[in-house]
Every structure is written in structure tokens, then in C-alpha cells.
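> Build me a model:
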Amino acid sequence: MYLSLREVLVLLGARRTGKSTLLYQIIADMIQKTVQPKSILYLNLDEPILNAHAQEPGFLMDIIERYRIEHHGLSCVCMDEVQLCPHWASTVKIIYDTIPDIKLIATGSTSQVIEHEMSLRLSGRYLPVRIYPLNFSEFLTFIGKENPSTVEKNVLMMQFLRYGGFPRIVLEENEKVKDVLLRQYYETIYLKDILIPRTIRSTQGLISLLYICLSQVGNLVSFHRLAGSLKISADTVKEYIGYAEDAYLLHLIRKFDYSAQNQQSHAKKVYCADTGLMNAVAYAFSDNIEHIMENLVCTTLIQRGNTLWYHKDRYECDFVVTQNGEPIQVIQVCASLQKDETRKREIRGLIEAIKKYNLSEGIIITLEEEGIEMVSGVQIRYVCLADWVLH
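Numbering: from 1, shown residues only. The predicted model follows:
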């Protein structure tokens, strides 16, 4: 749909989520629709020969203009990994304003750098599209299992929880290769999108902090406590976690509070962009299934465009979904409710959140349990994880 519009199309997301592949597919579709191949210019700014000149203000414009002259016209310019070229936005603005018949498409892997440039130089001229790892429905399509049986669906869900939704990982059959590739993805993200582009005062502090965050998914983390254990300042912890968010590696969830000041002062909950990454880097899958489930629920809610918080008062509830600043849904995540102690803990946290935010029901997402019951005057729905992510 966006391809027919004049605005610059900007694809944003973590590395290896398929932005470049999508770009290739867009180019192929253009050619199939009679656009001449030579009228499409593709530039991968991660290539050494281009990256070496990235700091030169006129370099990108010079390449595009030369190509346009040599090939007697240009229909589309596609730029991959634009965060590596500081002058990409000003170049795009010049082309957009002066040569309106050229379609401009860009991809990027660091949100803050790109979004700042877009807001500053391309205001009103661009349409951003966020690209995520595959969701469970897309995962099933990728492996040719669009309509699995209930048993098969639950088995595939465990596979999805273990290895996540990066397209290349989904298609790889060898489990050892999956783990090797996932660790490489993680290293590429923290090296190329966090460490190299910025002045990091403590490289080891950054690496240790990221590892702690990935191993503490779903738990409350305090910047001050992390700072104390890593022997760095709380401001540095906040800065480094911000870089990881910017690189689409981590999601930070705050406690819901109507006071913005209170939101900032409370401990945060950290989640990873992909369950496969956290498992490959920091988790023992079989021992942490509940936190891995919680991570998947978090990323699924974010992909659906929800604004997320957690609830903490006397008890805790994993997720509070808000709309226009008001809670509209509360969710607990638990692998199994078979143990009475676990069941009581999950229900009391959910009921506390339901009543505090004047809601009529809450959801508990489990691996297999389903049903509806009334407890203390409110409705609780028990939903199987595989069904919830599909619907």
C-alpha cells in the first residue's frame, strides 16, 4: 500500500528480522510490474566500500546523482542500514523535495538515531514501518504448518519458544546451528548497533549488563542495584539499557502509575526482542519456561501495537494494557496452575489489578489450561498460550 504513496518508506527493526529480504522482494515486485531494473538503485550502506565514505556529506548524493545521469533516469532508490550514514536524511530530503518522481525506501536498525533524523529533516515526508521477528502465525506459515492439530500446535509452540522467530533460524533444521547463529546475531547487534557507533566508557560493563538483563527477563530490575553490582553509575546503566532499546534488543516495561514521576522511580521489567536470543545467550530453556512465555506475551502485545506496563501493589500482575492512558486489560502468565500455591499467587495478583483499575475481567495465559470462572466477583479467563498468540 505504501509503495504507491509519495512519502519515504522507512523499514525499522532489529538486524536479521528480514528488512533487507523485504526490500529485495519490493524491488522484485517493482520489476515484475514493468519497472526497468536499471532504474532502481540499491545501496547497502553496511558494505565496506560505502561505509568507508559514510562521513562525507555529499558522498551519498553524488552516487545517486551519477547513477541517475548514467542510466538516463531513476525510479527508485533503496538504502539499506541508513543509520551508518550520518547524512542519509538530508540526502533523502533533497531528493524528495527536488525530484518527486523517485520513490525512496530506507531500512535501519537503530531507532533513536533514525527517528531523530526523520523528525528533524523528514517531518511529514516519511512513513515508518516496524519489522519484527516472525510471530507464531508467521512461524507456522514459514514451516508449512498453517493448520496444525492441537497436539502438534503445542509441540510447535515449544519449538517457537525455544528458538524464536528470526526467519533464518526458523528455516534452519540443525539445532546446534540455530544456537550458533543466534549467538552471532546477538554479538552483531551489540557490536554494530551499540558498541561501535557510540563512546562506551566500560565495554565490559555493557556486556555484563546486557547478560544480566537477558537472564533477568520478567523480573524487576533496579538501575541502582545493577550499578552497584557492576561498579558503574546508575546513569550509565540507564544509558546502556537505552542503547539496547534503541537497537531493538530489549524492551523496558514500567510500573503503571498515573504519575509520570512515579513511573520513572520504580523498578523496571526487562524483556528481550526474541526468545531465541535470550535462550542462546543467557537462559537454560527447561528451567525458565515461565519467563520465556512471559517474554513472548510481551513481544506479541508490542507487535499488536499495545502500550504495556506492569502492576505492583501488595501483589503483582505481569501486564497492564492501556489505551489513552487508561488500563483496559490485565494479564498474568503462568506455565501451569496445577499447584495450589501457584494458582493462588497468580489469581490474587490478577484480581488486585482488576479491582484497582475497575475492570470486569482478567486473563491468565498458560501452556495448556483453558476455561472461565468467577472469583471474588470478577471473571477470570484461562487461555492456552498457542491459541492466545494466534487469536
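
> neighbours around residue 292, how many?
Residue 292 is flanked by 26 other residues according to other CB atoms under 10 Å. Yep, even glycine has a C-beta here, placed from its N, CA and C like the rest.

> Can you name the secondary structure element that comes next after the helix or strand containing residue 179?
According to DSSP states H and E, residue 179 maps onto helix 175-190. Later in the chain than helix 175-190, the nearest helix or strand by DSSP H and E is helix 203-215.

> partners of the following helix or strand past that following helix, with directions?
The helix or strand immediately downstream of helix 203-215 is strand 220-221, counting by DSSP H and E. The pairing partners recorded for strand 220-221 under DSSP bridges are strand 268-272 (antiparallel).

> for the record, mean pLDDT for the strand it pairs with?
For strand 268-272, the mean pLDDT works out to 97.

> Between helix 175-190 and it, find me the angle.
130 degrees (axes from the mean of the first three to the mean of the last three CA atoms, to 10 degrees).

> Please name every helix or strand in contact with the helix holding residue 179.
Helices and strands touching helix 175-190, as assessed by 3 or more CB pairs under 8 Å, 6 or more residues apart in numbering; DSSP states H and E, comprise helix 150-163, helix 167-171, helix 203-215, helix 275-281.

> May I have that helix as CSV, with CA atoms only?
C-alpha atoms of helix 175-190 as CSV (Å, rounded to 0.1, in the frame of the first residue of the first chain):
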residue,chain,number,x,y,z
GLU,A,175,19.6,-27.1,16.4
LYS,A,176,23.3,-26.6,17.0
VAL,A,177,23.5,-24.3,14.0
LYS,A,178,20.4,-22.4,15.3
ASP,A,179,22.2,-21.7,18.6
VAL,A,180,25.5,-20.6,16.9
LEU,A,181,23.6,-18.2,14.6
LEU,A,182,21.6,-16.8,17.4
ARG,A,183,24.7,-16.0,19.4
GLN,A,184,26.2,-14.4,16.3
TYR,A,185,23.1,-12.3,15.9
TYR,A,186,23.4,-11.1,19.5
GLU,A,187,27.1,-10.2,19.0
THR,A,188,26.3,-8.4,15.8
ILE,A,189,23.6,-6.3,17.5
TYR,A,190,25.7,-5.3,20.5
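
> any weak-confidence spans in the stretch 1-150 of the chain?
Filtered on pLDDT under 70, the stretch 1-150 of the chain yields the residue ranges 1.

> Show me the domain layout of the chain.
Using automatic domain parsing, the domain parsing of the chain gives 2-130, 133-284, 306-391.

> How many neighbouring residues does the residue lying closest to residue 57 once chain neighbours are set aside have?
For residue 57, ignoring the flanking residues on the chain, the nearest one in space by CB to CB, 6 or more residues apart in numbering is residue 87 at 5.2 Å. Residue 87 has 18 neighbours, counted by other CB under 10 Å.

> Check residue 152 too.
Number of residues near residue 152 (other CB under 10 Å) recorded here: 12.

> quick one, what contacts it?
Counting by CB atoms under 8 Å, 6 or more residues apart in numbering, residue 152 touches residue 145.

> Need the pLDDT of it.
Residue 152 is given a pLDDT of 97.

> do the same with residue 283
74.

> Residue 186 and residue 277 touch, don't they?
Yes - between residue 186 and residue 277 there is a contact at 5.5 Å, judged by CB atoms under 8 Å.

> Give me the common contacts of the two.
Residues touching both residue 186 and residue 277 (CB under 8 Å, 6+ apart): residue 249.

> the more surrounded of the two?
residue 277 (27 against 23).

> From residue 311, how far out is the more buried one?
Distance from residue 277 to residue 311, counting by CB to CB, to the nearest Å: 27 Å.

> okay, which residue is most central for the protein?
The centroid of the chain falls nearest to residue 273 when counting by CA atoms, centre = their mean (4.5 Å).

> Quick one: residues contacting it.
By CB under 8 Å, 6+ apart, residue 273 lies in contact with 14, 132, 133, 248, 249, 250, 251, 299.

> With residue 63 instead?
Counted by CB under 8 Å, 6+ apart, residue 63 has contacts 43, 50.

> just the helices in the stretch 201-350 of the chain please.
Under the criterion DSSP state H, counting those that start in this stretch, the stretch 201-350 of the chain contains helices at 203-215, 223-230, 234-246, 260-265, 275-281, 289-303, 340-356.

> Can I get the ones you listed in CSV including distance to residue 329?
Putting the helices of the stretch 201-350 of the chain into CSV (distance: least, CB to CB, whole Å) gives the following:
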stretch, distance to residue 329
helix 203-215, 26
helix 223-230, 28
helix 234-246, 23
helix 260-265, 19
helix 275-281, 22
helix 289-303, 9
helix 340-356, 10
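
> nearest to residue 64, of these?
helix 234-246 (27.2 Å; CB to CB).

> for the closest one, packing partners?
The contact analysis (3+ CB pairs under 8 Å, 6+ apart) places helix 234-246 against helix 111-121, helix 203-215, helix 223-230, strand 250-255.

> what's the closest of these to residue 165?
Relative to residue 165, the nearest member of those by CB to CB is strand 250-255, separated by 14.6 Å.

> what does the closest one contact?
By CB under 8 Å, 6+ apart, the residues outside strand 250-255 that reach it are 210, 213, 241, 244-245, 262-264, 266-273, 298-299, 302, 308-312, 319.
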